[in-house]
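K.L.:
Let me see the structure of the following:
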Amino acid sequence: MYLMEAAVAGVKARRRSQAGAMARLRVKLTYPQELIKEPVIYEIGKRYNIVTNIRRADITAEVAWTILELDGERQEIDDALAWVAGTGVRVDPVEDSILEG
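P.N.:
As a prediction, this is how the structure comes out:
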């Protein structure tokens, strides 16, 4: 049964990837002090069909930023970044941020 479920999930994933353009994007997230302890990156992966990869970070009690690589459909990435900005986290593109797609 597990193999059948895995096969169905694989077909659905391929359909999703064919439905939209895949992209890899790097952004810098700068957190206000009150959001430093919030699981923003975790929520991106949970809410959106995106793979997150922390490339660099500096986190203290007063200041925090991360360079985050996002892999997924371009629309999912755009939606996720809009959500992040809506939380109060500053989102800035990293130079040469569009790596693929």
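
K.L.:
In terms of helix, strand or coil, where does residue 24 fall?
P.N.:
strand (DSSP: H, G, I helix; E, B strand; the rest coil).

K.L.:
All the helices of the chain, residue numbers only.
P.N.:
2-19, 40-47, 74-87 (DSSP state H).

K.L.:
Below-threshold pLDDT in this protein: ranges please.
P.N.:
Counting by pLDDT under 70, the ranges of the chain that qualify are 1-19, 96-101.

K.L.:
50 - rerun?
P.N.:
1-4, 6-8, 11, 14-15, 17, 101 (pLDDT under 50).

K.L.:
I'd guessed residue 30 sits against residue 65; true?
P.N.:
Yes - using C-beta atoms under 8 Å, residue 30 makes contact with residue 65 at a distance of 4.6 Å. Where C-beta positions appear, they are placed from N, C-alpha and C, glycine not excepted.

K.L.:
out of those two, which sits in the more crowded spot?
P.N.:
It is residue 65, of residue 30 and residue 65, that has more neighbours when counted by other C-beta atoms under 10 Å, with 16 against 13.

K.L.:
contacting residues around the closest residue to residue 56 other than its chain neighbours?
P.N.:
Nearest residue to residue 56, sequence neighbours excluded (C-beta to C-beta, 6 or more residues apart in numbering): residue 67, at 4.2 Å. By C-beta atoms under 8 Å, 6 or more residues apart in numbering, the contact list for residue 67 reads 26, 27, 28, 54, 55, 56, 57, 94.

K.L.:
What of residue 29?
P.N.:
Neighbours of residue 29 in contact, by C-beta under 8 Å, 6+ apart: 40, 41, 65, 66, 68, 84, 89, 90, 91.

K.L.:
now those: which count as buried?
P.N.:
40, 41, 65, 66, 68, 84, 89, 91 (16 or more other C-beta atoms under 10 Å).

K.L.:
who's the third one bridged to?
P.N.:
Spelled out, that is residue 65. residue 30, residue 58 (DSSP bridges).

K.L.:
which one of the buried ones among the contacts of residue 29 is nearest residue 34?
P.N.:
Nearest to residue 34 among the buried ones among the contacts of residue 29: residue 89, at 10.6 Å, using C-beta to C-beta.
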